[in-house]
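A.B. asks: here is my input; please provide its structure:
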Amino acid sequence: MARRYLMWFAHEHLDFRHSEMYSILSLLNLKIKFIEKPSIDKPYWIVELPSESCVKKIASRSVLLKNCIELWSRAKSETSLHENLKSAVKNISGEWIVPSTNDDASDIHICPSELIEACSRKDKSFKIDVETFCKHFTMKEKVDKIEHFSYLPLEGPVKLKNPDITLSYIEFYGVDPNNVPEQPCDLFFGRWVADGQRDLIQVHSLKKRQFIGNTSMDAQLSIIMANQAQVALGDVVLDPFVGSGSLLVAAAHFGGYVWGSDIDFMMLHARTRPTRVGQKVRHKEESIKGNMNQYGIQSRYLDVVVSDFSLPMWRDDLKFDAILTDPPYGVREPTEKIGIERDNYSLLEEHLDNHIPSKVEYGLPHIYSDLLNFAAKHLRIGRRLVCWYPLVRDEYREDHLPSHPCLELVGNSQQVLSKLTARRLLTYQKISDEIPNMPHDPNAGAHNFRDKYFAVGEISRREKKERRAEEIANSALYIKAKQEKSSNN
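C.D. replies: Next up is the predicted model:
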């Protein structure tokens, strides 16, 4: 029988929650039933899932999920929650009951007597955790709340570290820290089942990583991208703008065999200027392969190659299971491809051996047109491309996002970069093998993000300068008026 679970999320990257979770559910082929419609204003979902093993599978992937508990009782007040639990202890039918006397339909009363009995064995150690959201309790207050559960028939010993059973009591006080109510909005009680993968954020932190660059992807976002790309054991994964390889680390963590390419020879060979403050030269251990060795996933590292993405080197029949990438935006890293701006230029054969190709600008519309064409050609059917797309927030329109007839946009989440700019994590799924080569569409991403980024920045700086000048002028007038008033007196 399906049971109810409380899935508690980290209250960050809110726009990414649904995309990550639905990608994981699709990957694991799991169906989920919502007891109430999820809201972005609440850091939790109340769901029905077929079994506890399904919960653990989801938790083994998600980096946005904090933990999941088997929900025994939910109420709007402590009194109601304890009444529900006390009746559950007495109930021997194991049925889920909503008291008819309760007018609040959202006050869910679950009476899983067989679950309580399973936790009551003498050989089962236990502890009760108290958590609050948007309000702080002292340790004494937490202990007082724990003692209120003394009526539970828990006969095993209390064990605070690594007990057999962990029971969780959670009080939710809304999400506005500046307007915390006196009483909680919601209360939950149940048995802890699994933690999400939040620890990976620290394990894969860029602060601890051997090799990073100016634009290395944050560990949490890298793992979210790997989840949305549905990377699984044995998949072959490509990052065509690999940089320092952060996305390869995340993909390899989930069992993918990873390829990378980039036009920047110096970055791939770790010869660029060090990124860390105070570091003068790169260490010899610094490389993408060194990062793989650091995390013990070197067996999943295929290679990285210096390559111009506008001139694909891959065989036409080569297929990838996932493509995840963060193309350069032209702000902190240049958007370049091999080329020359002179007309009718040819290179003499005697100069070919020592020739270093020149580069020209590789505009964002061209990058994304090439990227979607490449994905349509080289992705396996049903597999995914996950990429970042920069934009000016006021100019965002979904119908201006890059598109391709062989690719369906199944995920679109926003990360705000500043008051004026943002980037969107786009997830495309390949739906057809009938591949037309789409020419560059000037309307697809019809903006030069770099120019607009610096243009809006210049406007912002000018406005600040003018505002500052006005403040100085007003201050000078105030001082002058005060001095005149003083002299007149």
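A.B. asks: and the end-to-end length of stretch 68-81?
C.D. replies: Terminal residues of stretch 68-81 lie 19 Å apart, using C-alpha to C-alpha, to the nearest Å.
A.B. asks: for it, give the mean pLDDT please.
C.D. replies: For stretch 68-81, the mean per-residue pLDDT is 93.
A.B. asks: give me the buried positions along it.
C.D. replies: Neighbour counts using 16 or more other C-beta atoms under 10 Å place 68-76, 80-81 of stretch 68-81 among the buried residues. The way it works is simple: take the backbone N, C-alpha and C, and place the C-beta from them, glycine included.
A.B. asks: can I get those residues in TSV including secondary structure and distance to residue 409?
C.D. replies: Below are the buried residues of stretch 68-81 laid out as TSV (DSSP: H, G, I helix; E, B strand; the rest coil; distance: C-beta to C-beta, whole Å):
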residue	secondary structure	distance to residue 409
68	strand	29
69	strand	34
70	strand	36
71	strand	34
72	strand	40
73	strand	40
74	strand	36
75	strand	41
76	coil	39
80	helix	44
81	helix	42
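A.B. asks: which of these sits closest to residue 32?
C.D. replies: residue 68 (11.8 Å; C-beta to C-beta).
A.B. asks: skipping adjacent residues, who's closest to residue 40 in space?
C.D. replies: Residue nearest to residue 40 in three dimensions, not counting chain neighbours: residue 14, with 5.3 Å by C-beta to C-beta, 6 or more residues apart in numbering.
A.B. asks: what is the neighbour count of that neighbour?
C.D. replies: Applying other C-beta atoms under 10 Å, we find 16 other residues in the vicinity of residue 14.
A.B. asks: which helices and strands does the longest strand along the chain pack with?
C.D. replies: When the chain is parsed with DSSP state E, its longest strand is strand 379-392. Contact partners of strand 379-392 among helices and strands, from 3 or more C-beta pairs under 8 Å, 6 or more residues apart in numbering; DSSP states H and E: helix 219-228, strand 320-325, helix 364-378, strand 407-416, strand 421-430, helix 449-488.
A.B. asks: which of the residues in stretch 153-165 are buried?
C.D. replies: Of all the residues in stretch 153-165, those buried under the rule 16+ other C-beta under 10 Å are 154, 156, 163, 165.
A.B. asks: over to stretch 249-266?
C.D. replies: 249-254, 256-264.
A.B. asks: repeat that for stretch 175-195.
C.D. replies: 175, 184, 186-195.
A.B. asks: from these, which two are the most distant?
C.D. replies: Applying C-beta to C-beta across the buried residues of stretch 175-195, the maximum distance is between 175 and 191, 25.4 Å.
A.B. asks: returning to that earlier point: the buried residues of stretch 153-165 into CSV, with extra columns for secondary structure, pLDDT and distance to residue 5?
C.D. replies: Listed next are these as CSV, based on DSSP: H, G, I helix; E, B strand; the rest coil; pLDDT from 0 to 100; distance: C-beta to C-beta, whole Å:
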residue, secondary structure, pLDDT, distance to residue 5
154, coil, 91, 21
156, coil, 93, 23
163, coil, 95, 20
165, strand, 96, 16
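A.B. asks: mind checking how far residue 295 is from residue 198?
C.D. replies: Using C-beta to C-beta, to the nearest Å, we find residue 295 at a distance of 17 Å from residue 198.
A.B. asks: low pLDDT regions in the chain?
C.D. replies: Along the chain, the parts satisfying pLDDT under 70 run over 1, 91-112, 343-344, 355, 437-447, 456-466, 478, 489.
A.B. asks: domain ranges for it?
C.D. replies: 3-197, 201-340+355-452 (automatic domain parsing).
A.B. asks: and the ones you listed, which is most packed in?
C.D. replies: domain 201-340+355-452 (a mean of 18; mean count of other C-beta atoms under 10 Å).
A.B. asks: okay, how far is it across it, tip to tip?
C.D. replies: The first-to-last residue distance of domain 201-340+355-452 comes to 33 Å (C-alpha to C-alpha).
A.B. asks: which of the buried residues of stretch 175-195 fall in strands?
C.D. replies: Going by DSSP E, the strands hold 186-195 from those.
A.B. asks: okay, the residues you listed in a markdown table with distance to residue 26 next?
C.D. replies: Formatted as a markdown table, these follow (distance: C-beta to C-beta, whole Å):
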| residue | distance to residue 26 |
| --- | --- |
| 186 | 29 |
| 187 | 32 |
| 188 | 27 |
| 189 | 31 |
| 190 | 26 |
| 191 | 27 |
| 192 | 26 |
| 193 | 21 |
| 194 | 19 |
| 195 | 22 |
